[in-house]
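In: Model the structure of this input:
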Amino acid sequence: MITRRHLITGLAGIGLSGLLTRPGMALQIINYSGPELAQLAATGKPYLMDFYATWCVTCAAQQRVLDDLQSEAAYADIPILRIDWDTYGNSELARNMAIPRRSTLVLMRGETELGRLVAETRKDRIGALLDLASS
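Out: Residues are numbered from 1 along each chain as shown. Down below sits the predicted model:
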């Protein structure tokens, strides 16, 4: 018997796999709720973890930079996993990754951290972080 939880999880997985396989799409934003991280890590491809808060001015500035960068082909295949600081800032995920605060960007490949920025809003620095995905 399929429960509501199984159905929702399955549909989320289908939606996530569609985001990861669409050719030519710009930076894809996936809102974190739990299973998305394991699904992204399992692909072995780079992804950006964005610890943000809706009220955070620095986070908004980072989002504007990421929006600007999304038009560049070099970053088209890097999904962004947005993790709401108000919900997950004190979570096991944030503690295990030693995330110091909102406005932290962490570039990952699988379960390996490639680099991170904290409270950085300069386009060249965020672009350099994303460039690590091709190394």
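In: Relative to the whole chain's centre, how far out is stretch 29-37?
Out: 8 Å (CA atoms, centre = their mean, to the nearest Å).
In: Please disregard the earlier target; I meant stretch 107-123.
Out: Centre to centre, stretch against its chain (CA atoms, centre = their mean), the figure for stretch 107-123 is 9 Å.
In: Now do it: distance from first to last residue.
Out: 15 Å (CA to CA, to the nearest Å).
In: and what of stretch 44-61?
Out: Using CA to CA, the end-to-end distance of stretch 44-61 comes to 29 Å.
In: Can you give the contact residues for stretch 88-105?
Out: Applying CB atoms under 8 Å, 6 or more residues apart in numbering, the external contacts of stretch 88-105 come out as 32, 37, 48-53, 56, 58-59, 62, 83, 85, 106, 113, 116-120, 126, 129. Just so you know, the C-beta spots here come from the backbone N, C-alpha and C atoms, and that holds for glycine as well.
In: and the helix or strand containing Leu107, which strands flank it?
Out: Taking DSSP states H and E as the definition, Leu107 sits inside strand 104-109. Sheet pairing of strand 104-109 (DSSP bridges) gives strand 46-52 (antiparallel), strand 112-118 (antiparallel).
In: any idea of the mean pLDDT in that strand?
Out: What strand 104-109 shows for mean pLDDT is 97.
In: Tell me the bridge partners for Phe51.
Out: Residues in beta-bridge contact with Phe51 (DSSP bridges): Ile83, Thr104.
In: what about it, distance to Leu132?
Out: Distance from Phe51 to Leu132, counting by CB to CB, to the nearest Å: 18 Å.
In: Look at the two and report which has more neighbours.
Out: Neighbours were tallied for Phe51 and for Leu132 using other CB atoms under 10 Å; the higher tally belongs to Phe51 (27 against 14).
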